[in-house]
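**Q** okay, structure incoming, though there's no sequence with it:
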């Protein structure tokens, strides 16, 4: 008999028909006459109830059907009288594919801490929580591709292994094929990379933006969606050494259109979650964060307030004057801390906020310089609970200004000649932004630790699985 | 005035209306009275013609509008009398964003070799050929996500940095944060990784399959789509050090369903290209490969023939007996060469072919062992012109058989304990396959060199941009 996915089986109403489902046992309970198996196949957070009548099966047969076992159940679809479910299956035949020794299987029905589940990341997708998180993760990726595809953007694969660190975004992982036990050095004692795979020092990318600009200045509008890497030794709930980034880049737009694009984009994604991941989000809200759904709707339903960094600083200073306490000082020229960002969003405006025109000293060399000589056309999108979710800017399209700023920031021209070529030949206004995928995932799932929204987190001292 | 994307402008019929387009000049030609600018913005392979009447513009103004310049054109939409185009713009206003010095701009209108364009990979997306290739690349990615999403698969991010090389698929790139000039060694002279970022030797993934199986054995059906790496020193038109792979994995299916999934999948993608990339494919067919469209239709319209490796060997031996010459010998137990695969597809069956049940010695440890003790449930999908496009298998779900085979192939159990856990707890039949994205791209575009279907190819001695 053809298998029915449990998500579909739960919607069927043709009671009395034969049905086959396959999945993993979540629980088995019952009495002397009948056993109830809660079966899950990963297609949905909901289990289907399998009713096993002991007149048809021996207890011996059923003994190995414990939590974690994989089975195939054929039977009759029936209307359920139990609470919280519409259908059940009255089993006529059960095939056991694989058992799960209750003495050894690490996922018994009792609740586990998220910390413990991280240690068994190879099994945790079998739990309700991580099933929900990874189904939402898939949906967020699908939302992202759909959003850009519908707007005529092209998905553009920027390189993972790179010879340059122009973003200056942090420490990088080196990539090499050399025998570390027998490294060749040149006459000055420096490593001789001529025998390395690429014939030069290489590292893992920290951002695809610069190459993304090359794509945008040819194809008009592109986006990247790929892994990026930071070798910062930060053991916090918000840092990963390996994470996924989305970086759209658009020719012929300026910062106002870039802000609208960012708002439309993130609202589209969050709305997709509300519309397509209801069961999983309801579960996460119930288990971890009862304000989750309210916060998601808050972002979808409110226009984002737009103001300059300078205006933001003033609001914060006024708040301090009126008695508001912050841990970190507020001074024009310094980067805002998460507490400042959240104050603007959650307390002052009660709306998502886009701050623009930051001091040039705290932003990257490629951002468009304003006429005031002090600020650049950067933009940060600030969200409730998590602070900055998107960072972007209009890019400096003027070759001379860009070259000068790169020099001031000690970026060697020989490393970015190819990037400068976009300004040398057919330059035009353009803008873009970056979204850390796991930061979006934290927002949408309400999870607190970034290790819990990616299947196999890479952090200091941890590259298992 | 709001900008119209050129792809949309070319479809408009509201002649007489005002319009604004922005883009890069492909060519400018004309006479003493009028100038014709072919403008492209990357949204389509087609240019829009801009007609510049010298009564409205001075020649001085127009002098800098040369190939490669970025401009904004406002004017009146008009029906075109020229051949091969329906609309043109009679310019009333032109803004020049960026010029492109004809003495220096590397992409003048004359044709360039693909080899030369590889050296300026940062600019080649501005050419017709690479514009077409990268628009198709986007569409193939979209087709892949759409196919799996509609079938209830979940996109699953497997790790890029990994501590294990269990696939044994080839040489790996090491990843390290250690100072190569000052490497610490232990008392035995071996590298001391305890101070490295991950506290252990790590490398870039060669395949996400093993981790993908973990996902499938929890979520039911997953697919990966991410970068993979091989440090083989192969300077050929078919090898990249960094390429993108798609690896679906499905619980509760066996090899027959896996074959059907592979056929449905690749037919869906190729059909998507025919339906959504017609202009770009027409261009590539005309320029590079006039059998391209026929070959794409061949794959979409024909069921794939299914036979065993052993049957395939017999057909090849019969062909040899009848006088067919191959460069490489045909012997049971050896891997098929591309010439053998293409003979089966192009000459014998004249249909795409799926070969199954290969000798276990030439396949991976995780493939399901057949009862004959000699073969495993592998499957390769063979295509015209390129040979193998997909490789996959039903996986060995029996813990004991899998452990024994891993041992025979010298894979330490301590490296795959987590993988073996899927067989230890709730094991079930499952199967999957891998598709090299660039191999699909070669097939769909008709390009000959894999360096020409990825924006920034990484090959020995080359990690530029």
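**A** Good, I have the coordinates. Keep in mind the model is a prediction, meaning the values are calculated, not measured.

**Q** buried stuff in the lowest-mean-pLDDT helix or strand in chain A?
**A** Of all regular secondary-structure elements in chain A, judged by mean pLDDT, DSSP states H and E, the least confident is helix A:59-62 with a mean of 83. Across helix A:59-62, burial judged by 16 or more other CB atoms under 10 Å in any protein chain shown covers residue A:62. For the C-beta atoms, the positions are set from N, CA and C on the backbone; glycine is no exception.

**Q** show me how far it is from its chain's centre.
**A** With CA atoms, centre = their mean, to the nearest Å as the basis, helix A:59-62 stands 44 Å off its chain's centre.

**Q** what sits up against it?
**A** If you take CB atoms under 8 Å, 6 or more residues apart in numbering or on different chains as the criterion, helix A:59-62 is touched by A:28, A:35, A:52, A:94.

**Q** return the subset of these lying in strands.
**A** Under the assignment DSSP state E, those contribute A:28, A:35, A:52, A:94 to strands.

**Q** among these, which one has the most neighbours?
**A** With neighbours taken as other CB atoms under 10 Å in any protein chain shown, the top of the ones in strands among the contacts of helix A:59-62 is residue A:52, carrying 25 neighbours.

**Q** now the helices: where do they sit in the stretch 251-400 of chain A?
**A** For the stretch 251-400 of chain A, helices defined by DSSP state H, counting those that start in this stretch occupy the ranges A:255-276, A:278-288, A:292-301, A:309-321, A:338-342, A:399-408.

**Q** now the stretch 101-250 of chain A
**A** Using DSSP H, counting those that start in this stretch, helices in the stretch 101-250 of chain A cover A:114-119, A:128-150, A:209-219.

**Q** and the ones you listed: which comes nearest residue B:48?
**A** Using CB to CB as the measure, helix A:209-219 is the one of the helices of the stretch 101-250 of chain A that comes nearest residue B:48, at 16.0 Å.

**Q** adding distance to chain B and mean neighbour count, write the helices of the stretch 251-400 of chain A out as JSON lines.
**A** As requested, those are exported to JSON lines (distance: least, CB to the nearest CB, whole Å; neighbours: other CB atoms under 10 Å in any protein chain shown):
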{"stretch": "helix A:255-276", "distance to chain B": "10", "mean neighbour count": "19"}
{"stretch": "helix A:278-288", "distance to chain B": "11", "mean neighbour count": "17"}
{"stretch": "helix A:292-301", "distance to chain B": "20", "mean neighbour count": "17"}
{"stretch": "helix A:309-321", "distance to chain B": "27", "mean neighbour count": "16"}
{"stretch": "helix A:338-342", "distance to chain B": "25", "mean neighbour count": "19"}
{"stretch": "helix A:399-408", "distance to chain B": "8", "mean neighbour count": "16"}
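
**Q** now for the ones you listed, which one comes closest to residue B:252?
**A** Proximity of those to residue B:252 was assessed by CB to CB; the nearest stretch is helix A:278-288, lying at 21.6 Å.

**Q** who in the stretch 351-465 of chain A is up against chain B?
**A** A:397, A:418-419, A:421-429, A:454-456, A:458, A:460-465 (CB under 8 Å from any CB of the partner chain).

**Q** flag every residue of the stretch 1-150 of chain A that's near chain B.
**A** Counting by CB under 8 Å from any CB, the stretch 1-150 of chain A sits next to chain B at A:3, A:5, A:7, A:22-25, A:41-43, A:68-70, A:72, A:97-101, A:104-107, A:122-123, A:125-126, A:130-131, A:134-135, A:137-138, A:141-142, A:145, A:149.

**Q** one more time with 7 Å, if that's ok
**A** A:3, A:5, A:22, A:24, A:41-43, A:68-70, A:97-98, A:100, A:105, A:122-123, A:125-126, A:131, A:134-135, A:138, A:141-142, A:145, A:149 (CB under 7 Å from any CB of the partner chain).

**Q** ok, now the stretch 151-300 of chain A?
**A** So the stretch 151-300 of chain A meets chain B at A:152, A:154-163, A:173-177, A:180-181, A:183, A:191, A:197-200, A:202, A:204, A:211, A:214-215, A:218-220, A:226-227, A:231, A:241-242, A:244, A:252 (CB under 7 Å from any CB).

**Q** list only buried entries from those.
**A** A:152, A:154-163, A:173-177, A:180, A:183, A:191, A:197-198, A:202, A:204, A:211, A:214-215, A:218-220, A:226-227, A:231, A:241-242, A:244, A:252.

**Q** poorly predicted segments of the stretch 201-350 of chain A, please.
**A** Nowhere does the stretch 201-350 of chain A drop to pLDDT under 70.

**Q** about what we covered before: need the max-distance pair from the contacts of helix A:59-62.
**A** Those two in the contacts of helix A:59-62 that are separated most widely, counting by CB to CB, are A:28 and A:94, at 11.4 Å.

**Q** could you measure from the residue of chain A most remote from its centre over to residue A:90?
**A** The C-alpha centroid of chain A is most remote from residue A:55, which lies 49.5 Å away (CA atoms, centre = their mean). According to CB to CB, to the nearest Å, residue A:55 stands 11 Å off from residue A:90.

**Q** so residue A:163 sits against residue B:458, correct?
**A** No. Using CB atoms under 7 Å, residue A:163 is not in contact with residue B:458; the gap is 9.7 Å.

**Q** state the pLDDT value of residue A:145.
**A** Per-residue pLDDT puts residue A:145 at 98.

**Q** contacts only, for it.
**A** A:155, B:142, B:145 (CB atoms under 7 Å, 6 or more residues apart in numbering or on different chains).

**Q** can these go into CSV with extra columns for distance to residue A:385?
**A** Output for the contacts of residue A:145, formatted as CSV (distance: CB to CB, whole Å):
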residue, distance to residue A:385
A:155, 30
B:142, 32
B:145, 29
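
**Q** okay, strands next: where are they in the stretch 301-450 of chain A?
**A** For the stretch 301-450 of chain A, applying DSSP state E, counting those that start in this stretch gives strands covering A:305-308, A:353-359, A:375-383, A:387-394, A:430-436.

**Q** can you give me the distance of the residue lying closest to residue A:52 once chain neighbours are set aside to residue A:69?
**A** Leaving aside its sequence neighbours, residue A:52 sits nearest to residue A:35 (CB to CB, 6 or more residues apart in numbering or on different chains; 4.2 Å). Distance, residue A:35 to residue A:69, using CB to CB: 13 Å.

**Q** and residue A:113, by the same measure?
**A** Counting by CB to CB, the gap from residue A:113 to residue A:69 is 24 Å.

**Q** out of these two, which sits in the busier spot?
**A** residue A:69 (25 against 8).

**Q** what's the closest residue to residue A:464 other than its chain neighbours in contact with, if anything?
**A** Closest residue to residue A:464 apart from its sequence neighbours, by CB to CB, 6+ apart: residue B:163 at 6.1 Å. Going by CB under 7 Å, 6+ apart, residue B:163 touches A:463, A:464, B:198, B:200, B:202.

**Q** could you dump the residues you listed into JSON lines and include distance to residue B:265?
**A** Listed next are the contacts of residue B:163 as JSON lines, based on distance: CB to CB, whole Å:
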{"residue": "A:463", "distance to residue B:265": "31"}
{"residue": "A:464", "distance to residue B:265": "31"}
{"residue": "B:198", "distance to residue B:265": "35"}
{"residue": "B:200", "distance to residue B:265": "36"}
{"residue": "B:202", "distance to residue B:265": "32"}
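
**Q** so which two of those are the farthest from each other?
**A** A:464 and B:202 (10.3 Å).

**Q** for the nearest residue to residue A:336 once chain neighbours are set aside, give its distance to residue A:382.
**A** Leaving out its chain neighbours, the residue that sits closest to residue A:336 by CB to CB, 6+ apart is residue A:312, at 7.1 Å. Using CB to CB, residue A:312 is found at 9 Å from residue A:382.

**Q** just give the number of residues close to residue A:86.
**A** Neighbour tally, residue A:86, other CB under 10 Å: 12.
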